[in-house]
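Participant: Pasting the sequence and the predicted model now:
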Amino acid sequence: MEVGRLPISASQRGKLIAAGYTTLSSFSSLSPSHLARAVWDWILTIDNLVKRGFTLVNRCCTCRYCEESVDHLLLHYLKISDNEAAEIMRVASHSHRLDGSAGGCGTVNGAQTAWDMLHEEEMFPRITTSCEDLNNILGGGINCKEVTEIGGVPGIGKTQLGIQLAINVQIPVDYGGLGGKAIYIDTEGSFMVERALQIAEACIEDMSECGGLLRKDFQACQLKMHPNNILENIFYFRVCSYTEQIALINCLDKFISEHKDVKIVIVDSVTFHFRQDFDDMALRTRLLSGMALKLMKLAKDFSLAVVLLNQVTTKYIDGSFQLTLALGDSWSHSCTNRVILYWNGNERYAYIDKSPSLRSASAPYSVTSKGIRNSASNCKRIKMM
Amino acid sequence: MANKQISQMGLPKSIANVFAARNVFTAKDALSLTEFELMELLDVGLAQVTSAVAHISEIVCPPYQTALSLMELRVQNEHLAGHLPTHMKGLDEALCGGIPFGVLTELVGPAGIGKTQFCLKLSLLASLPASYGGLDGHVIYIDVESKFSSRRLIEIGVKSFPEIFHRKGMAQEMAGRIHVLRPASLSEFTESLQQIKVSLLQNQVKLLVIDSMAALVTGEFEHAAPRQNTLGWHVSFIKSLAEFSRIPVVVTNQVRSQSRDEICHYYFQVQSWNETIEDRTRHDSHLVAALGINWAHAVTIRLVLEAKSDQRFIKVAKSPISPPLAFPFNITSSGILLLSDDGIELTGPDINAIHCQGHNDIINFGGESLQ
C-alpha cells in the first residue's frame, strides 16, 4: 500500500515521501519515535553532506539569509513531532490490517465464518410485510442487516409499504415479530399520521385474532399494544434538503445507539432531493454512494433493516422508453436487494429485481384500508420467472 | 438549515478557521464533499475531519418527533386536524377530512372537465368563516390560463351558501380575500412564487391554488424531456412552501395524448409488450398527465377528473390515505357536486387512466344557469 492512500493530511504525507517512505511496509515496522527519528535522520544526512564540504545546499532556499541547519529545517519546514509520528503510525497500522484481510488470510480479526453467518441469519426474525405472497418471495420478509430498495410508479403503494413496515417491526416477539422500533425519514412529506393510525389499528386487530387462539396472557399484551404506543415508537424525521439528508444519515448511528430498539430505518424516498435541482451528476453519484455505504454500515452494526424507497424514471433503450428506478446505474449497485412494484393487468405486483440470496420472482399484493395485504384473487399462485 | 454558516456552529476555532480559509462556508458546502475530499482540501487529519463533519451533521440534522406527538400536534393546533373540507361528503371521508395541509394536491383532467370549477369552489371554501366550515383566511390564486372568473365564483357562493352571500357586504368581503395573480411566463411565475413566500407569512393565507402548472411549461417546450427538469426547482419550492406555512396547495395539470412508443414498461415485463399495444389501440383515447413522472412522484394526492360513458368521475388516483375510489360528479350552478357519496372502488391501474369520452354531451350547466 502506498503512502498516498493513507488517510493523513497532505502536508504529513509530503513529509513522509520526502523522507523516502513511499510505501506502507517501508515504515510500518518502525515505532513512532523511530519514525520521527527517521525523518530526522534524513535531514541529518543532508547535514552530513554539508559537513563533508558540499556547500551547495548550505543556504536555505527560501530564507536565503540564514545558514541551513537541521534545527532550522525541522523547526520551519518538517516539524514532524513525536505526536505527529504516532498519529501517522496509528493510521498506517490500521490501514495495514485492512490490507492484510483483503489478502484472504483465514483467521483475521473482524471476520466471520460463513457458518456463523448462517446461524446469525436464522436467529433474526424477518419483518413481515403483512402480505404472505410477498413474504414468500422475500424469503419470509424484509431481512435485518440488509439494505432493501423498493421502487415503483407514483401511487403504486411505496409509502404504504413503508408505513406498514414501520408498524410491523413492532409486532412483539411473542407473535413472531421483532418488538422493535422504527425510524421513518420523510423527504417528500408524504407520511400521513391518519394512515399510520389506520394501519396500526388493523395490525392490532389481526394480532388479537391470532393471539386469542394461541395465548392466554393476551390481555396483558393487548394493554401494551395500543395504537398510540405503536405511533409513539415511530421516530419521524422530516428532511427538507439533501444536505439535511446527508447530515441525518451521518448522525443516525449516534441516535440509534441511544435508542437501541430501533430495528428498521425507512427512507421515503431516497430520491426526492437528489432529483431536483442537481446539476453536477458526478457529485450526486459520490454523495449517494457515500450515503449508501453509511446506511449499509448502520445495517450491519446495529443488525437492523434499512428500506430505501425509490422513484422511477423513463429511460430510452433500444428505440423505446422503458421504466427504471431513478438515480442511475451506479446507484443500483448500492443496495443488497431491489424490489420493483408494478402494475400487472389489474393487480399490483412486486418483483425481485436483484438479490444475492433470493430467486427472481414476482408476487401479487394489494393495498387495502388495513394496509398491505394478500391480493384479493388469492387463487393465483406465485409465478416464478 | 442547509445554508447555516460553519463559523456559527461552535466548532473549535482552529478548525473553523481552516474551513473558512478554504471557502467552505456553509453546511451544504461541507457536506457536499466526502471526508477524503475534505482532508485533501483542508489539509488536516482524518480524525479532525470526522469529528468536524459529525459536529456539523449534528447541528444540521433535523429534530425527530414520534408519530404520536405529530398526530397530537395536528389535532391540537389545527382546525379540523389539518384538512380543508371540500364539502363533498364522499370525497372528504375518503381523504380523512378533506384536502390536507402541508402537501400538494393535484387535479388532472381533460379540458373543460371541471378542474377550474373545483379550484373556484376550494378558494371559496377557504375564505368562508370557520362557522360555515371554512378556514376564514385569504387565498392566493395563480391563474396562468386566465380562466378565473369572479362572476362564477360569486355565483357558486350565492347558490351554495345563500345565508352568507345574501348578507350585505359579505360577497365583497369573501371575494376580497381571494388574490389572483396572472403570470405570463415561467420566469414571472418564479418571481411571484418568491413574493408569495413572504406574503404567506405576513397574511392569513390559507390556500394556494395554481391553475395550471402544465400551461406554464407547455408554452416553452415542445418535448417531454426538458419539461421534467425545468420544474425541478419549482417542485421543491412549492412543496416547501406548503410544508412550512402548513397550508393546502392545489395545482392543476393538463392532459396530453400519449404517443405509442412512450408506453412504459420495465424490462422484465417485455413479454406482455405486444399485447399492450393492441390493448392500447383498442382504447378510444389514451391520455396521460402532461407533466411527467417526476412531477407525478412529487404530488402527494392526485385526483383525476374524467368523463366515461356519459358520466363524469372524480377519482382518487394517488393518495396515501384513501383507497382507489371513483365518485360520479356533476357541475351545477352551485359548483361541483357529487352524485353519490359512496365511491366505486376500482382495481388495477384503471384508477390512473384518464378517459375523455362524450362529456360534452352532458354539460347541463349552461341550461341551468339561465334559470
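Facilitator: On my side now, so go ahead.
Participant: Give me the domain ranges for chain A.
Facilitator: If you go by automatic domain parsing, the domain ranges for chain A are A:3-102, A:117-384.
Participant: I'd like those domains as TSV, with mean neighbour count and mean pLDDT appended.
Facilitator: Just so you know, the C-beta spots here come from the backbone N, C-alpha and C atoms, and that holds for glycine as well. Output for those, formatted as TSV (neighbours: other Cβ atoms under 10 Å in any protein chain shown; pLDDT from 0 to 100):
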stretch	mean neighbour count	mean pLDDT
domain A:3-102	15	60
domain A:117-384	19	84
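Participant: Let's have the ones you listed in TSV, adding distance to residue B:212.
Facilitator: Formatted as TSV, the domains of chain A follow (distance: least, Cβ to Cβ, whole Å):
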stretch	distance to residue B:212
domain A:3-102	53
domain A:117-384	18
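Participant: for chain A, what spans make up the strands?
Facilitator: In chain A, the strands defined using DSSP state E lie at A:147-152, A:181-186, A:234-238, A:262-268, A:305-310, A:312-317, A:320-325, A:337-344, A:347-354, A:361-368, A:371-374, A:383-384.
Participant: which residue is nearest the middle of chain A?
Facilitator: Closest to where the C-alpha atoms of chain A average out (Cα atoms, centre = their mean) is residue A:295, at 1.6 Å.
Participant: Am I right that that one is in contact with residue A:147?
Facilitator: Yes: between residue A:295 and residue A:147 a contact is recorded at 5.7 Å, counting by Cβ atoms under 8 Å.
Participant: Could you pull out the residues contacting both of these two?
Facilitator: A:306, A:308 (Cβ atoms under 8 Å, 6 or more residues apart in numbering or on different chains).
Participant: So in terms of bridging, what pairs with residue A:337?
Facilitator: residue A:148 (DSSP bridges).
Participant: typo on my end, residue A:347
Facilitator: Here residue A:347, judged by DSSP bridges, has bridge partners residue A:344.
Participant: Relative to residue B:47, how far out is it?
Facilitator: Going from residue A:347 to residue B:47 by Cβ to Cβ, to the nearest Å gives 54 Å.
Participant: Next: residue B:213.
Facilitator: From residue B:213 over to residue B:47 the distance is 49 Å, taken as Cβ to Cβ.
Participant: Neighbour count for those two, which is higher?
Facilitator: Between residue B:213 and residue B:47, residue B:213 has the larger neighbour count (other Cβ atoms under 10 Å in any protein chain shown), namely 25 against 12.
Participant: Now do the strands in the stretch 151-300 of chain B.
Facilitator: Under the criterion DSSP state E, counting those that start in this stretch, the stretch 151-300 of chain B carries strands at the ranges B:178-181, B:205-211, B:249-253, B:255-257, B:287-289.
Participant: Quick check: buried residues in the helix or strand containing residue B:336?
Facilitator: In this structure, residue B:336 is located in strand B:335-338 according to DSSP states H and E. Along strand B:335-338, these residues count as buried under the neighbour rule (16 or more other Cβ atoms under 10 Å in any protein chain shown): B:335, B:336, B:338.
Participant: Does anything pack onto the next helix-or-strand element following it? Which helices or strands?
Facilitator: Following strand B:335-338 in sequence order, the next helix or strand is strand B:344-345 (DSSP H and E). When contacts are defined as 3 or more Cβ pairs under 8 Å, 6 or more residues apart in numbering or on different chains; DSSP states H and E, strand B:344-345 packs onto strand B:325-332.
Participant: so who does the closest residue to residue A:273 other than its chain neighbours touch?
Facilitator: Leaving aside its chain neighbours, residue A:273 sits nearest to residue A:242 (3.9 Å; criterion: Cβ to Cβ, 6 or more residues apart in numbering or on different chains). Taking Cβ under 8 Å, 6+ apart as the contact definition, residue A:242 lies against A:273, A:274, A:278, A:287, B:2.
Participant: how close does the second one get to chain B?
Facilitator: When you say that, I think you mean residue A:274. Separation of residue A:274 from chain B (Cβ to the nearest Cβ, to the nearest Å): 11 Å.
Participant: So that residue is in contact with residue A:284, correct?
Facilitator: Yes: using Cβ under 8 Å, residue A:274 is in contact with residue A:284, at 5.7 Å.
Participant: Now for the residue nearest to residue B:356 when sequence neighbours are not counted, how many residues are close by?
Facilitator: Among residues not flanking residue B:356 along the chain, residue B:110 sits closest, at 4.0 Å (Cβ to Cβ, 6+ apart). Close neighbours of residue B:110, defined as other Cβ under 10 Å, add up to 20.
Participant: What of the one 4 residues further on?
Facilitator: Taking other Cβ under 10 Å as the criterion, the count of residues near residue B:114 is 24.
Participant: ok, back up a step: OK, contacts around the closest residue to the residue nearest to the centre of chain A other than its chain neighbours?
Facilitator: Among residues not flanking residue A:295 along the chain, residue A:306 sits closest, at 4.9 Å (Cβ to Cβ, 6+ apart). Counting by Cβ under 8 Å, 6+ apart, residue A:306 touches A:146, A:147, A:148, A:264, A:265, A:267, A:295, A:296, A:298, A:299.
Participant: which of the residues you listed lies closest to residue B:41?
Facilitator: The nearest member of the contacts of residue A:306 to residue B:41, counting by Cβ to Cβ, is residue A:295 at 24.9 Å.
Participant: what separates the closest one from residue A:9, distance-wise?
Facilitator: 28 Å.
Participant: Pick out the residue of the stretch 51-200 of chain A closest to chain B.
Facilitator: Nearest residue of the stretch 51-200 of chain A to chain B, counting by Cβ to the nearest Cβ: residue A:155, 3.4 Å away.
Participant: what about the residue nearest to that residue when sequence neighbours are not counted, how many neighbours?
Facilitator: Closest residue to residue A:155 apart from its sequence neighbours, by Cβ to Cβ, 6+ apart: residue B:318 at 3.4 Å. Neighbour count of residue B:318, defined by other Cβ under 10 Å: 27.
Participant: The one 5 residues further on now?
Facilitator: Burial of residue B:323, expressed as a neighbour count using other Cβ under 10 Å, amounts to 15.
Participant: Pick out the residue nearest the middle of chain B.
Facilitator: For chain B, the residue nearest the mean C-alpha position is residue B:104 (2.5 Å; Cα atoms, centre = their mean).
Participant: near chain A, which residues of the stretch 201-350 of chain B show up?
Facilitator: Residues of the stretch 201-350 of chain B found near chain A (Cβ under 8 Å from any Cβ of the partner chain) are B:232-233, B:235-236, B:239-240, B:242-243, B:261-269, B:272, B:292-294, B:296-300, B:302, B:317-321, B:323, B:347-350.
Participant: For the strand holding residue B:336, which strands pair with it and how are they oriented?
Facilitator: When DSSP bridges is applied, strand B:335-338 pairs with strand B:325-332 (antiparallel).
Participant: List the contacts of the partner strand.
Facilitator: Looking at strand B:325-332 with Cβ under 8 Å, 6+ apart, the contacting residues turn out to be B:88, B:90-91, B:94, B:114, B:117, B:159, B:305, B:311-316, B:336-341, B:343-346, B:351, B:363-365, B:368.
Participant: I'd like the distance between the residue nearest to residue A:292 when sequence neighbours are not counted and residue B:206.
Facilitator: Distance criterion Cβ to Cβ, 6+ apart; nearest residue to residue A:292, sequence neighbours excluded, is residue A:334 at 3.4 Å. Distance from residue A:334 to residue B:206, counting by Cβ to Cβ: 42 Å.
Participant: Residue B:126 - how many residues pack around it?
Facilitator: Counted with other Cβ under 10 Å, residue B:126 comes out at 25.
Participant: That one and residue B:179 touch, don't they?
Facilitator: No: the pair residue B:126 / residue B:179 is not scored as a contact, 11.8 Å apart, by Cβ under 8 Å.
Participant: Next, show the common contact partners of these two.
Facilitator: residue B:139.
Participant: And whichever residue of the stretch 1-150 of chain A sits closest to chain B, its phi and psi?
Facilitator: Of all residues in the stretch 1-150 of chain A, residue A:7 sits closest to chain B, at 4.1 Å by Cβ to the nearest Cβ. Residue A:7 has phi and psi values of phi -80, psi 70 when expressed as degrees, to the nearest 10.
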